[in-house]
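> build me a structure from this.
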Amino acid sequence: MKHWGAGEMSKDASEKNRMEILEKEADSDIDLDRDFLADVCEIKLITEREKEFRTSVCAKVHKIIPEKPYQEIESSFKIFFKSSVSISSGLHRSREVKSFFVDLTEKIIEPLKQAKWSKKDFLIFIETYDDIGAHIVSRLDSRICETWKRYNKGIMLCLGFMYL
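All right, here's what the predicted structure looks like:
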């Protein structure tokens, strides 16, 4: 979640220093960047390009994982897309931030597990989603593009760890 925080860890820090910083962060509350969380609401503008986004992601994933039926990939995209946008649009409210991990589990992870996505296939799916989404969002306002990248970096890391 450091991608959403007000400060970032120095890239010049030694491995020992990084571990100390991470341990301190684990023991304290994370200071989330409120301006960023307010900006995340604007990610919903990508819904205007949902059809282009869905078609691109589903076609690419189907090429990588041909044994998955296209309709199943498309259905999973709809679940992932709607849930991701829904979660992002509420993060400016404290109660939504508190339920962030529960929402990821209930709205994204559990439905995709029920659709029998392996972790490997799921990771391919979310990486493809992120790559194509960054390309589509780059045609929008530059601030929205940066917000999209920052939000997705955090959410993709969380989902990668949580999807067992």
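> what's the burial count for L104?
By other Cβ atoms under 10 Å, 19 other residues sit near L104. C-beta: built from backbone N, CA, C; applies to glycine.
> I misspoke; the intended subject was S89.
S89 has 16 nearby residues by other Cβ under 10 Å.
> isn't there a helix covering it?
Yes. Assessed by DSSP: H, G, I helix; E, B strand; the rest coil, S89 belongs to a helix.
> hmm, it is touching V40, no?
Yes. Counting by Cβ atoms under 8 Å, S89 touches V40, with 7.5 Å between them.
> after the lowest-mean-pLDDT helix or strand in the chain, next one along is what?
Across the helices and strands of the chain, mean pLDDT, DSSP states H and E gives its lowest value to helix 15-27, namely a mean of 57. For helix 15-27, the following helix or strand on the C-terminal side (DSSP states H and E) is helix 34-39.
> buried residues, that next one. List them.
Within helix 34-39, the residues scored as buried using 16 or more other Cβ atoms under 10 Å are F36, L37, D39.
> lowest-confidence one in the residues you listed?
Minimum pLDDT across the buried residues of helix 34-39 is recorded for L37, with 81.
> surely that residue and S89 touch.
No. Applying Cβ under 8 Å as the test, L37 and S89 come out as separate, 10.7 Å apart.
> skipping its backbone neighbours, what lies nearest K60 in space?
With Cβ to Cβ, 6 or more residues apart in numbering as the criterion, K60 has its nearest non-adjacent residue at 5.1 Å, and that residue is T128.
> neighbours around that neighbour, how many?
Around T128 there are 21 residues (other Cβ under 10 Å).
> I would like the residues contacting the host helix or strand of it, please.
Taking DSSP H and E as the definition, one finds T128 inside helix 119-137. Helix 119-137 is touched from outside by 46, 49, 52-53, 56-57, 60-61, 64-65, 68, 73, 76-77, 80-81, 112, 117, 144-145, 148-149, 152, 156, 159-160, 163-164, with contacts defined as Cβ atoms under 8 Å, 6 or more residues apart in numbering.
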